[in-house]
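Sharing a sequence plus its predicted fold:
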Amino acid sequence: MNHNPPPPPPNPICPDTTAAADEHDSLKHRLQGPSVTKAGQNSVDQQKVAEIIFNASKGSKFFANEAAKDKQLTEKINRTLARKRQLDKLDLSSDLRRADEYIAELEAGRDLSQVVVHVDCDAFYAAVEELDRPELKDVPMAVGKGVLTTCNYHARKFGCRSGMASFVAQKLCPQLISLPLNFEKYTAKAQEVRAVLAEYDPQFESASCDEAYLNITQYCRDHNMDPEDVVSQLRAEVHEKTKITVSAGIAANAKIAKICSNRNKPNGQFRVASDKETIMAFMKDLPTRKVNGIGRVFERELDAIGIKTCGDIYPHRAYLSQLFGQKAFQFLMQCYLGLGRTEIRPAEDYERKSVGTESTFREMSGKAALREKLRQIAQELEGDLKRTEYKGRTLVLKVKLHTYEVLTRQTSPPYAIHLADDLYKYALPMLSKLEKEIPDLKLRLMGLRVTHIVSTKKPGIDFFGMHKRTATPTTAPRKPAKDPTTPDDGEWEVWPEAEFEEAARQERNDEMNELEKLSQEYSEVTSQMNSKPTKETPERDDPTRMEEAKEEKAAWICPICSIPQSPDDKAFNDHIDFCLSRQTIKETVKSTLEPKKPMIASQLLFARPSVATPAKAIGKRGRPKNEKTGAETDRGREKRRAFFSVPKPEA
């Protein structure tokens, strides 16, 4: 009997004739940014907004970069669809059975006893600014110069939203008023809000500057109050004491509570009752993008195989682990069931100690089969490490024998590792040793984990407070270190949603950084055009000629030797490579610094040109920028790497 899920209906449109249009549409969707689902945009014509963003960005490096990423994603999706077509020809009854067993296991552990609340300040930065300038309450207003970090609800009616380049927002709403960020002011107000939250749950968890999770189960019991009445009281108290409004979601777990807090914004609340039927019905028609942890990329991958809502996950359950990996399968099944964490504790109590993945399977033996499984797990762990941006100095192998005994082994590679080839290379000897110790080794589970982790995050603008927030709230508390040869309790991770939420946050943060670069690029070009009024230059609002205008720039200054170079990418890079050679550095140090106090090579590399150098201030890779004061020049590079630190754009 064939247990395969029914294949999706064939696409009646010829892919060859629509490939260009599809690529065009997917790029427009990508360019809409990370906040397209924000509240206050129900009446906005998103198709029109997408066209404006598309045309305003065209010709910029940001546009070219996003187009390249979109093309890569399209190719990845095509490979996924090809893999799915192969799976359609196979017997997936065992995958289907394992999926159903996992669903039954999750259902047996469903906890409906807790009341979790997600509190989200309404347009927080804008609301704080409006307290000082009440006249801004009735006009379109945003906070953030290069990139908008929030907009009030008047601005959102025009399509403006957080995570949008300011010059694009000005095209959507010419009368938009943009204010600079003032973090001292926002932090002080956030502390006022938190003081109120602590009265309802002393162990509340700050998810960012303007949002928090609370578990009010005990408060409801102690005061004999209904959860909705408690949250109404909390919201009223916040408004009375801080003069800003908050919205809230109430549910049995954190995942659903966060979704609910966006339902009745601004200044509202929404509750999903804590019973299985209500929760399942709520999730059934919920678009996948509404789930925290599913960003634009994963949304499009799921959409390609026919998963548009959380209810669509179930019919595809036999394919998920094969197409997206075991951890994604687990995360998606929890989304389908409406399950999430219920433990709420202060963010500072969380600290990521490791990144790991594991796979449960039917009893398996034989060297070839076990090595193939180890290779698969190593590849999946590489993906997890890439998403979370870590590498590890210690590698742990975990196995569960056919007797259900759990064993672990660990090793310390000579360097921190994150690639699948290295993970497999250093895990294989541990597996081989187990095979020698236990004749006829039969396993039911295998996993890999890296500890003593090292961040691989690149410096940039921390829009979401991620550099400070290394927490992993959905990771199980770590046990004290023990002998690696002794049995392990197997509790590596409770919920896989942490890594997906972190990946989604990183995706949004990366998007904000790219938009900040786009705004700087646009500002440079328009400044150049304004500084040459007598010369025929591109129109101020014609971004399609950005690259053409930049070609008219003067020579690029080498950041090492300060000698002007031809404004050609390849030639400039070749010159920098030459300057960075050890011999060149040694010769430069000797010839340039001999009469002065000795400097080490690294100091020379980052030394600024002298004031007398008739060169313009330089930016990344030596491109000349507009004239700046000496202090601004000294801080230029640091500003581009750490412009400011924002917890996140608010709802």
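Yep, that arrived.

use CA for all of it now, contacts and neighbours both
Will do.

Now do the strands in the stretch 101-250 of the chain.
For the stretch 101-250 of the chain, the strands defined by DSSP state E, counting those that start in this stretch cover 116-121, 141-143, 147-148, 150-151, 164-165, 177-179, 205-208, 211-215, 246-251.

How about Arg241: what's its closest non-neighbour residue?
Actually, residue 241 is Lys. It isn't Arg. Glu192 (7.7 Å; CA to CA, 6 or more residues apart in numbering).

need the contact list for Pro287.
308-310 (CA atoms under 8 Å, 6 or more residues apart in numbering).

Give me the helices and strands touching the helix or strand where Met446 lies, please.
Element membership for Met446 (DSSP states H and E) is strand 442-455. In terms of contacts (3 or more CA pairs under 8 Å, 6 or more residues apart in numbering; DSSP states H and E), strand 442-455 is packed against strand 354-365, helix 367-388, strand 390-401.

The same query, at a cut-off of 10 Å, please.
Helices and strands touching strand 442-455, as assessed by 3 or more CA pairs under 10 Å, 6 or more residues apart in numbering; DSSP states H and E, comprise strand 354-365, helix 367-388, strand 390-401, strand 406-411, helix 420-437.

Now do the buried residues in the first one.
So that's strand 354-365. 354-359, 364-365 (16 or more other CA atoms under 10 Å).

So Asn267 is in contact with Gly249, correct?
No. Counting by CA atoms under 10 Å, Asn267 does not reach Gly249; the two are 11.3 Å apart.

for Asp440, helix, strand, or coil?
coil (DSSP: H, G, I helix; E, B strand; the rest coil).

Can you name the residues bridging to the nearest residue to it once chain neighbours are set aside?
Nearest non-adjacent residue to Asp440, counting by CA to CA, 6+ apart: Ser365, 7.2 Å away. Ser365 has these beta-bridge partners by DSSP bridges: Lys442.

I'd say Ser365 and Lys442 touch.
Yes. Using CA under 10 Å, Ser365 is in contact with Lys442, at 4.6 Å.

Now list whatever residues contact both of these two.
Common neighbours of Ser365 and Lys442, using CA atoms under 10 Å, 6 or more residues apart in numbering, are 402, 435.

tell me the domain boundaries of this protein?
The chain breaks down by automatic domain parsing into domains covering 116-139+175-274, 554-623.

ok, of those, where does mean pLDDT dip lowest?
Among the domains of the chain, domain 554-623 carries the lowest mean pLDDT, at a mean of 49.

need the next SSE after the helix or strand encompassing Ser26, C-terminal direction.
Following DSSP H and E, one finds Ser26 within helix 15-31. As assigned by DSSP H and E, the chain's next helix or strand after helix 15-31 is helix 46-57.

can you pull the buried residues of the helix or strand following that next one?
For helix 46-57, the following helix or strand on the C-terminal side (DSSP H and E) is helix 61-88. Within helix 61-88, the residues that count as buried by 16+ other CA under 10 Å are 61-63, 66-67, 70, 73-74, 77, 80-81, 84, 87.

Next: stretch 130-139.
130, 136-137.

With stretch 219-239 instead?
Residues of stretch 219-239 classed as buried: 219-220, 227-228, 230-231, 234-238 (neighbour count, 16+ other CA under 10 Å).

Over to stretch 243-260?
Across stretch 243-260, burial judged by 16+ other CA under 10 Å covers 244-260.

ditto for stretch 109-125
111, 114-125.

closest to Ser162 among these?
Of all the buried residues of stretch 109-125, Ser162 sits closest to Ala123, with 9.5 Å by CA to CA.

circling back: identify the contacts common to Asn267 and Gly249.
120, 261.

hang on, the earlier thing: so of the helices and strands packed on strand 442-455, which one's packed in deepest?
strand 390-401 (a mean of 22; mean count of other CA atoms under 10 Å).

now the angle between helix 367-388 and it, please.
140 degrees (axes from the mean of the first three to the mean of the last three CA atoms, to 10 degrees).

Alpha carbons of strand 390-401, as PDB, please.
Output in PDB follows, covering the C-alpha atoms of strand 390-401 (Å, rounded to 0.1, in the frame of the first residue of the first chain):
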ATOM      1  CA  TYR A 390      29.200  30.000  15.600                       C
ATOM      2  CA  LYS A 391      32.000  27.600  15.400                       C
ATOM      3  CA  GLY A 392      33.200  25.300  18.200                       C
ATOM      4  CA  ARG A 393      36.500  24.200  19.800                       C
ATOM      5  CA  THR A 394      35.100  21.000  21.200                       C
ATOM      6  CA  LEU A 395      33.100  18.400  19.200                       C
ATOM      7  CA  VAL A 396      30.700  15.900  21.000                       C
ATOM      8  CA  LEU A 397      29.300  12.800  19.500                       C
ATOM      9  CA  LYS A 398      26.100  11.400  21.000                       C
ATOM     10  CA  VAL A 399      24.600   8.000  20.300                       C
ATOM     11  CA  LYS A 400      21.700   6.000  21.600                       C
ATOM     12  CA  LEU A 401      22.100   2.300  21.500                       C
END
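
Could you list every helix and strand that it packs against?
strand 354-365, helix 367-388, strand 406-411, helix 420-437, strand 442-455.

what is the mean pLDDT for that strand?
Averaged over strand 390-401, pLDDT sits at 92.

go on, stretch 281-288?
pLDDT averaged over stretch 281-288 gives 96.

picking that back up, which of the strands of the stretch 101-250 of the chain sits closest to Ser43?
strand 150-151 (15.7 Å).

Could you tell me which strands sit next to the closest one in the sheet, and their orientation?
Paired with strand 150-151 in the same sheet, following DSSP bridges, are strand 141-143 (antiparallel).

quick one: contacts for the residue nearest to Asp440?
With CA under 10 Å, 6+ apart, Ser365 has these contacts: 371, 402, 435, 440-444.

Adding distance to Leu172, write the residues you listed out as JSON lines.
Shown next, in JSON lines, are the contacts of Ser365 (distance: CA to CA, whole Å):
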{"residue": "Arg371", "distance to Leu172": "56"}
{"residue": "His402", "distance to Leu172": "62"}
{"residue": "Glu435", "distance to Leu172": "65"}
{"residue": "Asp440", "distance to Leu172": "68"}
{"residue": "Leu441", "distance to Leu172": "65"}
{"residue": "Lys442", "distance to Leu172": "63"}
{"residue": "Leu443", "distance to Leu172": "59"}
{"residue": "Arg444", "distance to Leu172": "57"}
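
Would you check which pair of those residues lies furthest apart?
Arg371 and His402 (16.9 Å).

I'd say Ala127 and Asn267 touch.
No. Judged on CA under 10 Å, Ala127 makes no contact with Asn267 at a distance of 11.9 Å.

Find residues that contact each of those two.
In contact with both Ala127 and Asn267: 121, 244-245, using CA under 10 Å, 6+ apart.

and of those, the nearest to Leu106?
After measuring the shared contacts of Ala127 and Asn267 against Leu106 - CA to CA - the closest member comes out as Cys121, at 32.5 Å.

which non-adjacent residue is nearest that closest one?
Val246 (4.2 Å).

Do I have it right that the one you found meets Leu197?
No. If you go by CA under 10 Å, Val246 and Leu197 don't touch, sitting 11.4 Å apart.

which neighbours do these two share?
The contact sets of Val246 and Leu197 overlap at 119, 234-235, 238 (CA under 10 Å, 6+ apart).

Could you dump the helices and strands packed on strand 442-455 into TSV with distance to Arg300 added?
As requested, the helices and strands packed on strand 442-455 are arranged in TSV below (distance: least, CA to CA, whole Å):
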stretch	distance to Arg300
strand 354-365	24
helix 367-388	17
strand 390-401	25
strand 406-411	37
helix 420-437	25
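
and Ser178, which of the ones you listed is closest to it?
helix 367-388 (33.2 Å).

Backbone dihedrals for Lys157, please?
With angles defined as degrees, to the nearest 10, Lys157 sits at phi -70, psi -20.

and it, how many neighbours?
Applying other CA atoms under 10 Å, we find 19 residues neighbouring Lys157.
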